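> Give me a 3D structure for the following:
(2 chains)
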Amino acid sequence: MSSPLLEVKDLQVTVGEEQKVLLDGLNLTIYPGETHVLMGHNGAGKSTLMSALMGDPRYTVTRGQIIFKGQDVTHEPADVRAKLGMFLSFQTPEEIPGITLENFLRTAQNAITGKPVKVFAFRKELAQQMEALGMDESYADRYLNVGFSGGEKKKSEILQLLMLKPSLALLDETDSGLDVDAVKTVAQGVRAYHNKDNALIIITHNAKILEGLHVDYVHVLDDAHIVRTGDGSLVNEIIEEGFRALKEDEAK
Amino acid sequence: MRAFETEKTDVAEVDRSIYDIKDKPNAAFEVNSGLTPEIVEKISEEKNDPEWMRIFRQKSLRIYNSMPVQNWGPSIEGLDMSNIVTYVRPKTEMRGKWSEVPDDIKNTFERLGIPKAERASLAGVGAQYDSEVVYHNVKAEVAAQGVVYTDIESALNGPYAEMVRTHFMKLVPPTDHKFAALHGAVWSGGSFVYVPAGVSVEIPLQSYFRLNAPGAGQFEHTLIIVDKGAYLHFIEGCSAPKYNVANLHAGCVEIYVGENARVRYSTIENWSKNMYNLNTKRAKVEKGGTIEWVSGSFGSHTSCLYPMSILAGEGARMEFTGITFAGAGQDLDTGAKVVHAAPNTSSHITTKSIARDGGVSNFRSSVTVLPNATGSKSAVSCESLMLDDRSRSDTIPEMDIRCDAVDVGHEAKIGRISEEAVFYLMSRGLSEEDARALIVGGFAEPIAKELPVEYAVEMNNLIHLEMKGSIG
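Purely as a prediction, here's the structure:
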């Protein structure tokens, strides 16, 4: 087997000066080609985990390690992680006035690869990907996410995923707040991205985004811990029976 | 926790390199520092003033001596007039060809991109070096339309002498404030523009003011008269290398906008950070006319700059779009004034201020609506961005409304860079510095797009330079 893409070892994450513990003793290993799903109640720590993996300065790692591609990135800023190939699709993407989606993507691609972007090829690929995502080409000339609807913002995130081609994609409820058609389009985008060399971690309450993806592992978070890990069948079990059934299961 | 290794640069010393290259002292003549009737007389002599101007200067000096320094706004205590050299004549006559301008002076303007811009996108250029205009040229086809664009001194003694005499410091009289009086006494250089009725100058004219002499003052006068139904876009640029002694800029701009005429006046001010920029700009707009001010203030140690518009005729309009960026050691007090003096006039003031590294960037607006100005509209909007806790940005709006049937609005917002937005951009591979610069650039964008394109590029570069080293 190849070496792991991501190793999270005994991770403790806190927030604020009072060091409120949001994640504790978390372990996670992800290999290239895998798809992991995070489930759990609101507030269980799923989004915190993704933000902490990406290097959100609001959170502090007080113990443990994040190893990405063999490199300890526990205390590296987000741009270093992005350059190594990590990507976070935000639950609520920021609106950035003053830079168009197209210019931003070019800036980001340039920052990540460290090479100048070949404009013609870039534009062609952008047009193709936008078409596949059902985004009107006029969005390329609009300021990044400014005035985009919830669905358009999520598509903009997947567009960035497809253009930046990271090796680890963290998708934080990319399917929430979307209508049926939009979920399909987004799921299609995720499938188009995924291959044997990259990996996904997906937070979802709605298994729709998983359509057509092979889920290798499901992790259930509760109260700062991973309380259960299983295979893909766990997704449907949880959707049908809820977390309570799961907990009662544990209690037995 | 987070250990950023960021390049620390001293903005004033390193990043302004293009502006900071000093030419060796190269004056042909300069007056002694300080201000006496004899010095002012000497300037009159040097400039071969007509008699009325000689008298005007002396009268202005008396007004200057009798007036107190303003008791509001930024402190100008660091400015000691007895140390300021008011008149420095460069070693050349005014030329109409760059090839005839002495090399060191020409190279300075080359570095600033002026001759290149003239070839590419301007209808005419005036270039002032210290106290005198060293280059003035207007394209033949523009001159053929009857457009006059020359230095003020030539205008004073030429066919437009009477027009200059009847308009010079009539909008900004020497009694206006102490530095207007000073300007009246020691003014030198600047431009005179006359656009005849119905003529539209399709490409802009530009005057560039460069102060090279340490401890000197620059007091150029810009007089623009645009006749009925005519159009003009005038661009003003300013810069100076940094010295350890205070320099003073107390220029004056007077713009007469005729009936149904339109004037756009764009400025990018990038004085060095030892400069006291106490500039006065004023426009009078007749019936149906429009004045548009676009203003970018980046440089200087201290600025007091509030272009004023007098909407004198029915339906006259003004628009002011401005941005001010204050860094360490800077106190930039900018804004706009408008007087609605006729019915159905309108004013629209939009500004953005940015303060960082202990800088102070205050916005002042004054809107006056006179009793006869029924049906007038005024909208003032000011947004400030503070980049750290040490910087300051205040909004000081003033309104004097003496008429009921008007529509007046004011909106002010003060904000900080969203840390969430910085994280979002960093998660896409941008460094923290680039992420912040991008956000600040985005904040400035609505103003940048009003600027002439090469200035918009310069402004973006300045923002990136100013942001460099802002993270430690």
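
> all helices of the chain, in order?
Looking at chain A here, since you left the chain open. All helices of chain A, identified by DSSP state H, fall at A:46-54, A:78-84, A:101-113, A:119-132, A:150-164, A:180-193, A:233-251.

> To clarify, I was referring to chain B.
B:17-20, B:37-47, B:51-66, B:103-111, B:114-121, B:140-144, B:152-156, B:161-167, B:178-186, B:419-426, B:432-448, B:453-467.

> Let me have those in JSON lines, extended by distance to chain A and mean neighbour count.
Quick note: C-beta positions are derived from backbone N, CA and C, even for glycine. Formatted as JSON lines, the helices of chain B follow (distance: least, CB to the nearest CB, whole Å; neighbours: other CB atoms under 10 Å in any protein chain shown):
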{"stretch": "helix B:17-20", "distance to chain A": "24", "mean neighbour count": "15"}
{"stretch": "helix B:37-47", "distance to chain A": "46", "mean neighbour count": "17"}
{"stretch": "helix B:51-66", "distance to chain A": "44", "mean neighbour count": "16"}
{"stretch": "helix B:103-111", "distance to chain A": "27", "mean neighbour count": "17"}
{"stretch": "helix B:114-121", "distance to chain A": "23", "mean neighbour count": "16"}
{"stretch": "helix B:140-144", "distance to chain A": "35", "mean neighbour count": "12"}
{"stretch": "helix B:152-156", "distance to chain A": "39", "mean neighbour count": "20"}
{"stretch": "helix B:161-167", "distance to chain A": "41", "mean neighbour count": "15"}
{"stretch": "helix B:178-186", "distance to chain A": "36", "mean neighbour count": "25"}
{"stretch": "helix B:419-426", "distance to chain A": "4", "mean neighbour count": "21"}
{"stretch": "helix B:432-448", "distance to chain A": "2", "mean neighbour count": "21"}
{"stretch": "helix B:453-467", "distance to chain A": "10", "mean neighbour count": "19"}
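
> Can you tell me which of the ones you listed is nearest to A:Leu210?
helix B:419-426 (25.2 Å; CB to CB).

> what helices or strands is the closest one leaning on?
If contacts are counted by 3 or more CB pairs under 8 Å, 6 or more residues apart in numbering or on different chains; DSSP states H and E, helix B:419-426 sits against helix A:78-84, strand A:96-100, helix B:432-448.

> Of all the ones you listed, which one comes closest to A:Asp222?
Of the helices and strands packed on helix B:419-426, nearest to A:Asp222 by CB to CB is helix A:78-84, at 26.5 Å.

> for the record, mean pLDDT for that closest one?
Mean pLDDT, computed over helix A:78-84, is 98.

> out of the helices and strands packed on helix B:419-426, which comes closest to A:Ile201?
Closest among the helices and strands packed on helix B:419-426, using CB to CB: helix A:78-84, at 13.6 Å.

> Contacts made by stretch A:65-73 with the rest, please.
Contacts of stretch A:65-73 with the rest of the structure, by CB atoms under 8 Å, 6 or more residues apart in numbering or on different chains, involve A:3-11, A:52-53, A:55, A:74, A:80-81, A:84-86, A:167-168.

> how about 6 Å then?
By CB atoms under 6 Å, 6 or more residues apart in numbering or on different chains, the list of residues contacting stretch A:65-73 from outside reads A:6-9, A:74, A:81, A:84.

> Which members of the residues you listed are the farthest-apart pair?
Farthest-apart pair in the contacts of stretch A:65-73 is A:Lys9 and A:Leu84; separation 17.3 Å (CB to CB).

> For chain B, give me the ranges with low pLDDT.
Chain B contains residues with pLDDT under 70 at B:1-18, B:468-472.

> near chain A, which residues of it?
For chain B, the residues in contact with chain A (CB under 6 Å from any CB of the partner chain) are B:420-421, B:423-424, B:426-431, B:441-442, B:445.

> returning to what we had before: can you tell me which of the contacts of stretch A:65-73 are buried?
Neighbour counting with 16 or more other CB atoms under 10 Å in any protein chain shown marks A:6-9, A:74, A:81, A:84 as buried within the contacts of stretch A:65-73.

> Check which residues of stretch B:328-344 are buried.
Within stretch B:328-344, judged by 16+ other CB under 10 Å, the buried ones are B:328, B:330-344.

> Please apply the same query to stretch B:347-357.
Under the neighbour-count criterion of 16+ other CB under 10 Å, stretch B:347-357 has B:347-357 buried.

> which of the residues you listed lies closest to chain A?
Relative to chain A, the closest of those is B:Lys352; by CB to the nearest CB it sits at 11.2 Å.
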